[in-house]
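whatever this is, show me its structure:
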Amino acid sequence: MESKRKDTLTLLLIIVIVIILGIVGYLGFEVISGNVKENESNEITDEFEKQIPTLTEEEIQEIRARAAKEVEEQIANGEIPSGTNQGGTSSSGNSSSNGGSSGGSSGGSSYSSGGSSGIYISGQWVLGKIVIPATNVRCSIFDNPSPQALEKGVGIVYSTNGLNKPGNTVIAGHNYKNRLFFSKNKNLVVGNIIKITDASGLEITYEIYNKYITSQDDASFFQRDTGGAREISLSTCTDNGLKTGERIIIWAREK
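So this is what the prediction gives:
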């Protein structure tokens, strides 16, 4: 009887040890996987920063003035309604269809699609860099939200005229429930700052003015009227989004 009891306790102990090892292994894998993603993301973003030009304040103002003039001309030609900035094109593109020219310090290529310029780095078109100080986020913005891109940063779903151009640009990223990418968007609040640098070297500071939860099928905010202002929309899953289909949407306008 005593021997049978010992065997039972031994079996229970083994089961407990296996469960603990499984939990530790899973957590360890998540940490290692997260570190790998973060390192790859940092390498691409570092390379992007090396390749983009450095603009003076005068050059930045010139770019802004030129963009404003383009919008005025589109309104005058009837291409967009007065006071709006609708009806643009998607900013997605790829290397085969755009045939970028050689550029950059590491043999990267550049291209322009949908109003956005990009740099080809590590098999991906990088259109910009996003920095969110409140959540300590710094990563690349890719030309589309492909599975490969969202392992290393965030991607553009839709853009009226291109990144950092008048109109709305929708940027999607994963919620890994850790520190990566858009995982902490749930902690962002109205008034927080988002900085985006595009491939021309232009940095625009955006301020959050709206945040809400909606369904994964809601695209009503894509082509919204920005009144000619530069705006961005960030989209990511809620913590239970994989089950519920819910998305956290954040709107921000040039400050």
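
show me the shaky parts of this structure.
For the chain, the stretches flagged by pLDDT under 70 are 1-13, 16-34, 54-57, 59-60, 63-64, 71, 79-116.

for it, which segments are assigned as strands?
Under the criterion DSSP state E, strands of the chain are mapped to 101-102, 109-113, 116-121, 124-132, 137-142, 153-159, 167-172, 193-198, 203-215, 230-237, 246-254.

looking at these, spot the one closest to Lys50.
strand 116-121 (9.7 Å; C-beta to C-beta). Any C-beta I mention is one placed from the backbone N, CA and C, and that applies to glycine too.

parallel or antiparallel, list what pairs with the closest one.
Here strand 116-121 is paired, per DSSP bridges, with strand 109-113 (antiparallel), strand 124-132 (antiparallel).

so what angle separates the directions of the last one and strand 193-198?
Computed by axes from the mean of the first three to the mean of the last three C-alpha atoms, to 10 degrees, the angle separating strand 124-132 from strand 193-198 equals 150 degrees.

ok so, going back, a markdown table for the strands of the chain, including distance to Asn185 and mean neighbour count?
Listed next are the strands of the chain as a markdown table, based on distance: least, C-beta to C-beta, whole Å; neighbours: other C-beta atoms under 10 Å:
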| stretch | distance to Asn185 | mean neighbour count |
| --- | --- | --- |
| strand 101-102 | 36 | 8 |
| strand 109-113 | 26 | 19 |
| strand 116-121 | 22 | 25 |
| strand 124-132 | 8 | 26 |
| strand 137-142 | 9 | 24 |
| strand 153-159 | 10 | 25 |
| strand 167-172 | 11 | 26 |
| strand 193-198 | 10 | 20 |
| strand 203-215 | 8 | 16 |
| strand 230-237 | 5 | 24 |
| strand 246-254 | 5 | 20 |
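
of all those strands, which one is nearest Arg179?
Of all the strands of the chain, the one in closest proximity to Arg179, counting by C-beta to C-beta, is strand 137-142 (8.3 Å).

what's the end-to-end length of stretch 49-58?
Stretch 49-58 has an end-to-end distance of 20 Å (C-alpha to C-alpha, to the nearest Å).

with stretch 130-142 instead?
Stretch 130-142 has an end-to-end distance of 10 Å (C-alpha to C-alpha).

and for that stretch, what are the contacting residues?
Contacting residues not belonging to stretch 130-142 are listed as 41-42, 44-45, 48, 121, 124-129, 149, 152-156, 163, 171, 173, 179, 181-182, 184-185, 187-189, 192-197 [C-beta atoms under 8 Å, 6 or more residues apart in numbering].

go again using 6 Å as the cut-off
With contact meaning C-beta atoms under 6 Å, 6 or more residues apart in numbering, stretch 130-142 is reached by 41, 44-45, 48, 124, 126-129, 149, 153-155, 181, 184, 188, 192, 194-196.

on that earlier part again, including distance to Asn77, could the strands of the chain go into a markdown table?
Output for the strands of the chain, formatted as a markdown table (distance: least, C-beta to C-beta, whole Å):
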| stretch | distance to Asn77 |
| --- | --- |
| strand 101-102 | 30 |
| strand 109-113 | 21 |
| strand 116-121 | 22 |
| strand 124-132 | 26 |
| strand 137-142 | 30 |
| strand 153-159 | 20 |
| strand 167-172 | 16 |
| strand 193-198 | 25 |
| strand 203-215 | 25 |
| strand 230-237 | 21 |
| strand 246-254 | 24 |
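
nearest to Asn35, out of these?
strand 137-142 (14.3 Å).
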